[in-house]
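Colleague: I would like to see how this sequence folds:
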Amino acid sequence: MVNILCIDNSKTIRQVIKDCVLDLGYGFYEAENGNVGLEKADIIENLKMIIVDWNMPEISGKETLKKLKLNRKITNALYLVLIRIENKDEVMEALEMGANGYVLKPFSVKEVQDEIEKMIKNAV
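Modeller: Numbers count the residues shown, from 1 in each chain. Model (predicted):
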């Protein structure tokens, strides 16, 4: 089974992403911050995608993405970043750092599901 990890400090956002992912038939894992996400990324089998909130306290999405990209265990993972619409100028930075896609917050369930499906389909 394809597994997806969502790293976001908002429990509400993680729940919405969980519903999106499970509705698509994928496995779901979550982490409440970048440090927990980095630990979980090491142990999740068949980790296909990591969804990262760009604006997190403690360790930012930018720093989390940078560290995830250095992890040799997950070299084939896809990265989807969630960026607040008022920070949309940071989208290019995320893409330049290796993110494969992005969704601007606030988002709809359909937007997230469409982006997940598009990214996974294009990666095959």
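
Colleague: where do the strands of this protein begin and end?
Modeller: Under the criterion DSSP state E, the chain contains strands at 3-7, 27-31, 47-53, 78-84, 101-105.

Colleague: could you figure out how far the fourth one is turned away from strand 3-7?
Modeller: Meaning strand 78-84. Per axes from the mean of the first three to the mean of the last three CA atoms, to 10 degrees, the angle that strand 78-84 makes with strand 3-7 is 30 degrees.

Colleague: quick one: strand 78-84 to strand 47-53, angle?
Modeller: 20 degrees.

Colleague: related to what we said a few turns ago, would a markdown table of the strands of the chain with distance to Lys62, mean neighbour count and mean pLDDT be doable?
Modeller: Where C-beta positions appear, they are placed from N, C-alpha and C, glycine not excepted. Output for those, formatted as a markdown table (distance: least, CB to CB, whole Å; neighbours: other CB atoms under 10 Å; pLDDT from 0 to 100):
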| stretch | distance to Lys62 | mean neighbour count | mean pLDDT |
| --- | --- | --- | --- |
| strand 3-7 | 12 | 25 | 98 |
| strand 27-31 | 16 | 19 | 98 |
| strand 47-53 | 9 | 24 | 98 |
| strand 78-84 | 9 | 22 | 97 |
| strand 101-105 | 13 | 18 | 96 |
